[in-house]
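Undergrad: what would the 3D arrangement of this be:
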Amino acid sequence: NIVGGIMYNFHVMQRNRTDNGNNNSQEYLKNKYFRKAVEMFNDQKTLRALTYFKKVYELDKYHKPTNKYIKHINQSYALFLTAKIHESKKQYVKAIKFYKQSIPLFPDSKNKIKKIRIKLQYIIRDLEIKGIRAYNKAKYAECIQIFEKLKVIDPKNNKVQLYLPRAKKRYNALKKLGNI
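TA: So this is what the prediction gives:
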(Lines give C-alpha, C1' and ligand atoms only; values in the text may rest on other atoms or scores of the structure.)
Protein backbone atom coordinates (compact mmCIF):
# COMPACT_ATOMS: atom_id res chain seq x y z
CA ASN A 1 0.00 0.00 0.00
CA ILE A 2 1.21 3.45 -0.95
CA VAL A 3 -0.28 6.48 0.72
CA GLY A 4 0.38 9.94 -0.69
CA GLY A 5 -0.81 13.44 -0.19
CA ILE A 6 -0.36 16.96 -1.45
CA MET A 7 0.30 19.95 0.75
CA TYR A 8 -0.16 23.57 -0.33
CA ASN A 9 0.86 26.60 1.67
CA PHE A 10 -1.95 29.17 1.25
CA HIS A 11 0.03 31.86 3.04
CA VAL A 12 2.93 32.10 0.57
CA MET A 13 1.47 35.16 -1.26
CA GLN A 14 0.65 36.91 1.97
CA ARG A 15 4.21 36.37 3.21
CA ASN A 16 5.59 37.84 -0.03
CA ARG A 17 3.43 40.92 0.35
CA THR A 18 4.68 41.73 3.81
CA ASP A 19 8.34 40.74 3.49
CA ASN A 20 10.09 44.08 2.87
CA GLY A 21 13.19 42.42 1.52
CA ASN A 22 11.24 40.63 -1.17
CA ASN A 23 10.99 42.10 -4.68
CA ASN A 24 7.37 40.96 -4.99
CA SER A 25 6.57 42.90 -1.83
CA GLN A 26 8.03 46.14 -3.20
CA GLU A 27 6.21 45.69 -6.48
CA TYR A 28 2.97 45.02 -4.61
CA LEU A 29 3.40 48.15 -2.46
CA LYS A 30 4.37 50.26 -5.45
CA ASN A 31 1.23 49.21 -7.32
CA LYS A 32 -0.93 49.64 -4.23
CA TYR A 33 0.38 53.17 -3.57
CA PHE A 34 0.15 54.11 -7.23
CA ARG A 35 -3.50 53.00 -7.49
CA LYS A 36 -4.33 54.91 -4.31
CA ALA A 37 -2.50 58.00 -5.58
CA VAL A 38 -4.36 57.97 -8.89
CA GLU A 39 -7.66 57.48 -7.07
CA MET A 40 -6.93 60.50 -4.85
CA PHE A 41 -5.76 62.51 -7.86
CA ASN A 42 -8.98 61.74 -9.75
CA ASP A 43 -11.00 62.75 -6.68
CA GLN A 44 -9.14 66.11 -6.75
CA LYS A 45 -7.43 65.36 -3.44
CA THR A 46 -4.20 66.52 -4.97
CA LEU A 47 -1.97 66.94 -1.93
CA ARG A 48 -3.05 63.59 -0.50
CA ALA A 49 -2.35 62.01 -3.88
CA LEU A 50 1.10 63.56 -3.84
CA THR A 51 1.95 61.78 -0.57
CA TYR A 52 1.15 58.43 -2.21
CA PHE A 53 3.05 59.31 -5.38
CA LYS A 54 6.05 60.13 -3.19
CA LYS A 55 5.80 56.68 -1.58
CA VAL A 56 5.91 55.13 -5.06
CA TYR A 57 8.87 57.35 -5.89
CA GLU A 58 10.71 56.13 -2.79
CA LEU A 59 10.24 52.56 -4.00
CA ASP A 60 11.04 53.28 -7.66
CA LYS A 61 12.60 56.60 -8.66
CA TYR A 62 12.29 55.70 -12.35
CA HIS A 63 8.55 54.95 -12.39
CA LYS A 64 7.60 57.21 -15.34
CA PRO A 65 3.86 57.57 -14.65
CA THR A 66 4.56 58.60 -11.06
CA ASN A 67 7.18 61.09 -12.12
CA LYS A 68 4.75 62.64 -14.63
CA TYR A 69 2.06 63.01 -11.96
CA ILE A 70 4.51 64.52 -9.47
CA LYS A 71 5.79 67.00 -12.05
CA HIS A 72 2.24 67.98 -13.01
CA ILE A 73 1.17 68.44 -9.39
CA ASN A 74 4.30 70.46 -8.55
CA GLN A 75 3.74 72.78 -11.52
CA SER A 76 0.12 73.35 -10.58
CA TYR A 77 1.00 73.84 -6.94
CA ALA A 78 3.59 76.44 -7.94
CA LEU A 79 0.83 78.34 -9.79
CA PHE A 80 -1.41 78.11 -6.72
CA LEU A 81 1.35 79.44 -4.45
CA THR A 82 2.18 82.22 -6.90
CA ALA A 83 -1.49 83.23 -6.84
CA LYS A 84 -1.44 83.31 -3.04
CA ILE A 85 1.65 85.55 -3.11
CA HIS A 86 -0.02 87.98 -5.54
CA GLU A 87 -3.15 87.96 -3.41
CA SER A 88 -1.15 88.74 -0.27
CA LYS A 89 0.44 91.69 -2.13
CA LYS A 90 -3.07 92.82 -3.16
CA GLN A 91 -2.23 92.19 -6.82
CA TYR A 92 -5.67 90.70 -7.28
CA VAL A 93 -5.85 90.57 -11.06
CA LYS A 94 -2.58 88.63 -11.25
CA ALA A 95 -3.77 86.39 -8.42
CA ILE A 96 -6.96 85.54 -10.31
CA LYS A 97 -4.98 84.61 -13.43
CA PHE A 98 -2.77 82.19 -11.49
CA TYR A 99 -5.65 80.72 -9.50
CA LYS A 100 -7.49 80.04 -12.77
CA GLN A 101 -4.54 78.01 -14.05
CA SER A 102 -4.43 75.93 -10.86
CA ILE A 103 -8.17 75.07 -10.74
CA PRO A 104 -7.89 71.61 -12.37
CA LEU A 105 -5.76 70.28 -9.51
CA PHE A 106 -6.69 72.71 -6.75
CA PRO A 107 -10.47 73.23 -6.91
CA ASP A 108 -10.36 75.56 -3.89
CA SER A 109 -8.93 78.11 -6.33
CA LYS A 110 -12.49 78.72 -7.56
CA ASN A 111 -13.53 79.90 -4.10
CA LYS A 112 -10.48 82.12 -3.85
CA ILE A 113 -11.33 83.71 -7.21
CA LYS A 114 -14.93 84.33 -6.09
CA LYS A 115 -13.75 86.04 -2.91
CA ILE A 116 -11.33 88.26 -4.81
CA ARG A 117 -13.99 89.20 -7.37
CA ILE A 118 -16.35 90.17 -4.55
CA LYS A 119 -13.59 92.37 -3.07
CA LEU A 120 -13.12 94.07 -6.45
CA GLN A 121 -16.79 94.79 -7.20
CA TYR A 122 -16.30 98.41 -6.13
CA ILE A 123 -13.83 99.18 -8.95
CA ILE A 124 -15.82 97.69 -11.83
CA ARG A 125 -17.81 100.85 -12.60
CA ASP A 126 -14.66 102.98 -12.44
CA LEU A 127 -12.84 100.68 -14.88
CA GLU A 128 -15.81 100.74 -17.26
CA ILE A 129 -15.76 104.55 -17.31
CA LYS A 130 -11.98 104.71 -17.82
CA GLY A 131 -12.12 102.12 -20.59
CA ILE A 132 -14.92 103.90 -22.46
CA ARG A 133 -13.11 107.25 -22.12
CA ALA A 134 -9.94 105.72 -23.55
CA TYR A 135 -11.96 104.22 -26.41
CA ASN A 136 -13.67 107.54 -27.20
CA LYS A 137 -10.29 109.31 -27.23
CA ALA A 138 -8.95 106.65 -29.65
CA LYS A 139 -6.46 105.45 -27.03
CA TYR A 140 -7.08 101.85 -28.02
CA ALA A 141 -4.02 100.30 -26.38
CA GLU A 142 -5.02 101.85 -23.05
CA CYS A 143 -8.64 100.82 -23.61
CA ILE A 144 -7.59 97.22 -24.31
CA GLN A 145 -5.45 97.14 -21.18
CA ILE A 146 -8.29 98.43 -19.00
CA PHE A 147 -10.92 96.09 -20.43
CA GLU A 148 -8.57 93.07 -20.23
CA LYS A 149 -8.17 93.82 -16.53
CA LEU A 150 -11.93 94.22 -16.16
CA LYS A 151 -12.47 90.94 -18.03
CA VAL A 152 -10.42 89.10 -15.40
CA ILE A 153 -12.46 90.67 -12.61
CA ASP A 154 -15.86 90.37 -14.30
CA PRO A 155 -15.73 87.94 -17.27
CA LYS A 156 -19.39 88.43 -18.23
CA ASN A 157 -19.28 92.23 -18.14
CA ASN A 158 -21.36 93.71 -20.99
CA LYS A 159 -19.04 96.67 -21.55
CA VAL A 160 -16.08 94.31 -21.91
CA GLN A 161 -17.95 92.22 -24.46
CA LEU A 162 -18.86 95.33 -26.44
CA TYR A 163 -15.75 97.53 -26.29
CA LEU A 164 -12.85 95.07 -26.07
CA PRO A 165 -13.31 93.46 -29.50
CA ARG A 166 -13.94 96.87 -31.07
CA ALA A 167 -10.84 98.38 -29.48
CA LYS A 168 -8.71 95.43 -30.61
CA LYS A 169 -10.05 95.69 -34.14
CA ARG A 170 -9.36 99.44 -34.36
CA TYR A 171 -5.95 99.09 -32.72
CA ASN A 172 -4.93 96.41 -35.25
CA ALA A 173 -6.27 98.48 -38.17
CA LEU A 174 -4.26 101.53 -37.06
CA LYS A 175 -1.23 99.33 -36.55
CA LYS A 176 -1.50 98.02 -40.13
CA LEU A 177 -1.75 101.58 -41.43
CA GLY A 178 1.39 102.46 -39.48
CA ASN A 179 -0.36 105.01 -37.30
CA ILE A 180 0.75 103.30 -34.09
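
Undergrad: mind listing what's buried in the lengthiest helix in the chain?
TA: Longest helix in the chain by number of residues, with DSSP state H as the criterion: helix 64-88. Going by neighbour count (16 or more other CB atoms under 10 Å), the buried part of helix 64-88 is 66, 69-70, 73, 76-77, 79-80, 82-84, 86-87. To be clear about C-beta, it is placed using only N, CA and C from the backbone, and glycine gets the same treatment.

Undergrad: please apply the same query to stretch 133-151.
TA: Taking 16+ other CB under 10 Å as the neighbour-count basis, stretch 133-151 is seen to contain the buried residues Ala134, Tyr135, Lys139, Tyr140, Glu142, Cys143, Ile144, Ile146, Phe147, Lys149, Leu150, Lys151.

Undergrad: of these, which belong to helices?
TA: Counted as lying in helices by DSSP H, out of those, are Ala134, Tyr135, Tyr140, Glu142, Cys143, Ile144, Ile146, Phe147, Lys149, Leu150, Lys151.

Undergrad: what helices and strands are in contact with the longest helix of the chain?
TA: Using 3 or more CB pairs under 8 Å, 6 or more residues apart in numbering; DSSP states H and E as the contact criterion, the secondary-structure elements in contact with helix 64-88 are helix 23-42, helix 46-59, helix 92-102, helix 108-119.

Undergrad: let me see the mean pLDDT of the shortest one.
TA: Same thing as helix 92-102. Within the predicted structure, the mean pLDDT of helix 92-102 is 97.

Undergrad: then the first one?
TA: Helix 23-42 shows a mean pLDDT of 93.

Undergrad: hang on, the earlier thing: residues in contact with the longest helix of the chain?
TA: By CB atoms under 8 Å, 6 or more residues apart in numbering, the list of residues contacting helix 64-88 from outside reads 34, 37-38, 41, 46-47, 49-50, 53-54, 56-57, 60, 92, 94-99, 101-102, 104-106, 109, 112, 116.

Undergrad: now it: average pLDDT?
TA: The average pLDDT within helix 64-88 is 96.

Undergrad: circling back to that earlier point, taking the helices and strands packed on helix 64-88 together, which one is wrapped up most tightly?
TA: Highest mean neighbour count of these: helix 92-102, a mean of 20 (counted as mean count of other CB atoms under 10 Å).
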